[in-house]
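Asker: Let me see the structure of the following:
(2 chains)
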Protein chains: 2
Amino acid sequence: MSKIKLAVIGLGGRGTFHANVLSEMADVEITAVCDVYEDRVANAADGVEKITGNRPNTYSDYKKLLKSEELDGVIIATWWQTHIPIAIAAMKSGIPAGIEVGGASSLEDCVSLARTYEETGKFCMILQNCNYGREEMALLNMAKKGVFGEIVHVQCGYEHDLRASVARSEETRYHRLPHYIYRNGELYPNHGLGPMMKLLNINRGNRMVSLVSVSSKAVGLKEWAKNNLPPEHYLHNTPVNQGDIVNTIIKCAGGETILLTHDTTLPRPYSRGGRVQGTKGLWYEDNKSIYIEGESPEHTWEDFYEYIKKNGYEHPLWKEYFELDIKEQGHGGMDYLVLRAFIEDGILKSIPPIDTYESALLSAITPLSEKSVALGSQPMDIPDFAHGKWLIPEPAVNTKYGLN
Amino acid sequence: MSKIKLAVIGLGGRGTFHANVLSEMADVEITAVCDVYEDRVANAADGVEKITGNRPNTYSDYKKLLKSEELDGVIIATWWQTHIPIAIAAMKSGIPAGIEVGGASSLEDCVSLARTYEETGKFCMILQNCNYGREEMALLNMAKKGVFGEIVHVQCGYEHDLRASVARSEETRYHRLPHYIYRNGELYPNHGLGPMMKLLNINRGNRMVSLVSVSSKAVGLKEWAKNNLPPEHYLHNTPVNQGDIVNTIIKCAGGETILLTHDTTLPRPYSRGGRVQGTKGLWYEDNKSIYIEGESPEHTWEDFYEYIKKNGYEHPLWKEYFELDIKEQGHGGMDYLVLRAFIEDGILKSIPPIDTYESALLSAITPLSEKSVALGSQPMDIPDFAHGKWLIPEPAVNTKYGLN
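Answerer: Numbering: from 1, shown residues only, chains lettered A, B, ... in the order given. Predicted structure coming up:
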């Protein structure tokens, strides 16, 4: 059997990691790598060659790569603002795209992504690793089994102290600082919202209808800069737009609300701020606890992992993963799982578990949130990129990595 | 020295409790009690007489009480919708009012409250017991000492499973059910928001400028009714407006954001959902933890009470309370403290630690939130009842129960 031919475009830390993980897979071949920085290209090519013995073709221009290579799929791990444009170019070249997480630059990009899928028949899947997180999958399993009753409200977010990596992102060519200087909104909705969209059956009998975003003042990054950057750094004299805390509340057609938090420029322990709440009980990420009426001692939290162990709610995919004899493959295994989902369900079966409409929708939260903030927290309508199909969705096909 | 003469209007559980606690105080005399229900009046009068040996005068009409009695103050613990109208009547009769918590019915009521204070010189203090909570006071102490650095974002709320007491509130003459049937918004902002307003210096150099509210579907109360109320109960066939989860985000003039949650019709352990977050670290109520950069182990939560003990952040008022030889006086002591604040700082010094403007403001969150929800989560401006005085406030007077 011939191997699945993949290229990786964008070879920072994340793209290089993907190239290495994919090179370890027996059914995959990294045939090309691409970045605008030559040293990164050489480094990634070295890495792949070291693992497989074969040196991939190298490019600095993704357009040339897409023109020259025969590929089954492409992984795009560039800067946020180029994910969708490069994905569209790949799809138009007949190649399915897996894009790294990050919000869209404009609503138009999201519309174009959905339409390109319809025109080309090639999909784009956002590589939302947290959809395959152990906790997230157990929760999905539990939600489908009705453990929470009727789900009413969820919370999620990205609460990660990134001050150093954002402020120093020029040195590392990560280039995230301009987003914080010029933009203001929910810049990174993916990790929190991706799994919650699945849990709430978004695009399958439910839809996100509208959102409001409220942004706090922006002081965390500047204070960090004052204490940590050399006096000549331009950040000292540059205003920062991006509020330290941006809260977005989304209202769904089913009446559920989603609170989404972006919190990346203040000191804190990491969290994705999870909460799932229904008519039978609720789960909190931050106290690692669950309360289910009639099961838990009255008004008393229970330990979440003990609860899922006791009740056998571990997701089947994770039970299987624990039995795999592979070394840890990034973020506790979920990076491996999302790549296998892209390959096995997406490329081989054309049933990506996070499809193009969903990828467009998830990415669209960013420009919509920016608009809401810019207009003083006005509510924004969230487009339905899939033409009302959510109302009477086609029956779900059960695939190994499916999340329905 | 003559005793402070107080009346209590509204003699449900809360008003009766106040009458009893006040009767235990050596410097206070309950000279009158009032309720529309005769049995409640008799019961409260019995209670006071049992403690003090003196039977208070009894009334079914608060207007007659206000006309007939010589009082130093009145405590109002009636249904939510009559707190402000009765307070206004008391102030117009020359009597300072302490009102129980609960949101206003209309913005007009809040404006009238502020103007009545200006016209009469008599104050109204909302008896926000949680302002005197041990945790809240330690946090206030810490915030003033700069432990959190510049405060950027806070969260608070009322997350209390009230399904049984709301659905059965006719039986108990608590009459809260109509609020849930007909209204939809942040019905009970006080417990969470009161302490956070102090922490953010609202009306003293800061102001709440605008809010948005988003309400979830309303299913918790109906599901509870199905399982717990007799089939003939009218709630089965009555739609409920009040969303199970109402989130409100407030933006302050200083750029801070406040997330306020109303969550009373789903099963859950009790919480006031607290979070205080600044440039140096943050506190969470739900995991009972704090993280302060440079003090806490990197990226790791610390136990909150161990932290305040280690650093001596217990509030002086609480240190003193622990040394008082009194029996526990409600909600772990804070009920006692707020009543003493009303008496010692309010009545005796005319410096209520929660003043009329603040009481009006806190109460106004409810009608503003309802309006936002009704208009699809449009942002609402929050009035400044105190004519811009927050910009250059008068120097704070340090009183025993002061919260500045």
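
Asker: In the stretch 301-404 of chain A, what residue spans correspond to helices?
Answerer: Applying DSSP state H, counting those that start in this stretch to the stretch 301-404 of chain A gives helices spanning A:304-311, A:316-323, A:334-340, A:356-374.

Asker: what's the longest one packed up against?
Answerer: To tie it back to what came earlier, the one meant is helix A:356-374. Judged by 3 or more CB pairs under 8 Å, 6 or more residues apart in numbering or on different chains; DSSP states H and E, helix A:356-374 is in contact with helix A:107-120, strand A:124-126, helix A:190-199, strand A:208-215, strand A:245-252, strand A:380-381. C-betas here are computed from N, CA, C, even on glycine.

Asker: returning to what we had before: now, of the helices of the stretch 301-404 of chain A, which is deepest in the fold?
Answerer: Most buried of the helices of the stretch 301-404 of chain A by mean neighbour count (mean count of other CB atoms under 10 Å in any protein chain shown) is helix A:356-374; its value is a mean of 25.

Asker: What's the mean pLDDT across it?
Answerer: Helix A:356-374 shows a mean pLDDT of 98.

Asker: likewise stretch A:379-396?
Answerer: For stretch A:379-396, the per-residue pLDDT averages 96.

Asker: Next: stretch A:297-307.
Answerer: Stretch A:297-307 comes out at a mean pLDDT of 96.

Asker: Same question for stretch A:205-223.
Answerer: Stretch A:205-223 shows a mean pLDDT of 98.

Asker: Tell me who's in contact with the nearest residue to A:Arg204 once chain neighbours are set aside.
Answerer: Leaving aside its chain neighbours, A:Arg204 sits nearest to A:Pro393 (4.5 Å; criterion: CB to CB, 6 or more residues apart in numbering or on different chains). Neighbouring residues of A:Pro393 by CB atoms under 8 Å, 6 or more residues apart in numbering or on different chains: A:Asn203, A:Arg204, A:Gly205.

Asker: Just the buried ones out of those residues, please.
Answerer: A:Asn203, A:Arg204 (16 or more other CB atoms under 10 Å in any protein chain shown).

Asker: so A:Ile258 touches A:Ile250, yeah?
Answerer: Yes: counting by CB atoms under 8 Å, A:Ile258 touches A:Ile250, with 4.1 Å between them.

Asker: any common contacting residues for the two?
Answerer: A:Met208.

Asker: quick one: what helix or strand has A:Gln155 in it?
Answerer: strand A:151-159 (DSSP states H and E).

Asker: Give the other helices and strands that that strand contacts.
Answerer: When contacts are defined as 3+ CB pairs under 8 Å, 6+ apart, strand A:151-159 packs onto helix A:190-199, strand A:257-263, strand A:275-278.

Asker: Doesn't A:Ile290 lie inside a strand?
Answerer: Yes: under DSSP: H, G, I helix; E, B strand; the rest coil, A:Ile290 falls within a strand.

Asker: Contact partners for it?
Answerer: A:Ile290 neighbours (CB under 8 Å, 6+ apart): A:Gly281, A:Leu282, A:Trp283, A:Tyr284, A:Ser296, A:Trp301, A:Glu302, A:Asp303, A:Phe304, A:Tyr307.

Asker: now, which of those lie within strands?
Answerer: Among the contacts of A:Ile290, the members falling in strands (DSSP state E) are A:Gly281, A:Leu282, A:Trp283, A:Tyr284, A:Glu302, A:Asp303.

Asker: about what we covered before: can I get the helices and strands packed on helix A:356-374 in TSV with mean neighbour count and distance to chain B?
Answerer: Output for those, formatted as TSV (neighbours: other CB atoms under 10 Å in any protein chain shown; distance: least, CB to the nearest CB, whole Å):
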stretch	mean neighbour count	distance to chain B
helix A:107-120	19	19
strand A:124-126	28	25
helix A:190-199	26	14
strand A:208-215	25	4
strand A:245-252	27	4
strand A:380-381	18	10
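
Asker: I'd like these laid out as JSON lines, including distance to A:Ser60.
Answerer: Shown next, in JSON lines, are the helices and strands packed on helix A:356-374 (distance: least, CB to CB, whole Å):
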{"stretch": "helix A:107-120", "distance to A:Ser60": "23"}
{"stretch": "strand A:124-126", "distance to A:Ser60": "23"}
{"stretch": "helix A:190-199", "distance to A:Ser60": "27"}
{"stretch": "strand A:208-215", "distance to A:Ser60": "37"}
{"stretch": "strand A:245-252", "distance to A:Ser60": "35"}
{"stretch": "strand A:380-381", "distance to A:Ser60": "38"}
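
Asker: For B:Ser60, find the nearest of those.
Answerer: Closest to B:Ser60 of these is strand A:245-252 (CB to CB; 45.0 Å).

Asker: The closest one - which strands sit beside it in the sheet, and in what orientation?
Answerer: strand A:208-215 (antiparallel), strand A:257-263 (antiparallel) (DSSP bridges).

Asker: So what's the gap between that strand and the chain middle?
Answerer: Relative to its chain's centre, strand A:245-252 lies at 17 Å (CA atoms, centre = their mean, to the nearest Å).

Asker: what's the angle from it to helix A:190-199?
Answerer: The directions of strand A:245-252 and helix A:190-199 differ by 20 degrees, with axes from the mean of the first three to the mean of the last three CA atoms, to 10 degrees as the criterion.

Asker: can you pull the alpha-carbon coordinates of strand A:245-252 into CSV?
Answerer: This file holds the C-alpha atoms of strand A:245-252, laid out as CSV (Å, rounded to 0.1, in the frame of the first residue of the first chain):
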residue,chain,number,x,y,z
ILE,A,245,-9.6,39.7,29.5
VAL,A,246,-12.1,39.4,26.7
ASN,A,247,-15.3,37.6,27.5
THR,A,248,-17.7,36.6,24.8
ILE,A,249,-21.1,35.2,25.3
ILE,A,250,-22.7,33.2,22.5
LYS,A,251,-26.4,32.4,22.3
CYS,A,252,-27.5,29.2,20.5
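
Asker: for that strand, what is the average pLDDT?
Answerer: 98.

Asker: Checking A:Leu187 next. Helix, strand or coil?
Answerer: Strictly by three-state DSSP, A:Leu187 counts as coil.

Asker: A:Tyr180 and A:Thr265 touch, don't they?
Answerer: Yes: counting by CB under 8 Å, A:Thr265 is a contact partner of A:Tyr180 at 7.2 Å.

Asker: before we move on, the earlier item: reformat the helices and strands packed on strand A:151-159 as a markdown table; add distance to B:Tyr321.
Answerer: As requested, the helices and strands packed on strand A:151-159 are exported to a markdown table (distance: least, CB to CB, whole Å):
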| stretch | distance to B:Tyr321 |
| --- | --- |
| helix A:190-199 | 41 |
| strand A:257-263 | 35 |
| strand A:275-278 | 34 |
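
Asker: and those as TSV, adding distance to B:Tyr234 and mean pLDDT?
Answerer: Shown next, in TSV, are these (distance: least, CB to CB, whole Å; pLDDT from 0 to 100):
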stretch	distance to B:Tyr234	mean pLDDT
helix A:190-199	34	97
strand A:257-263	28	98
strand A:275-278	25	98
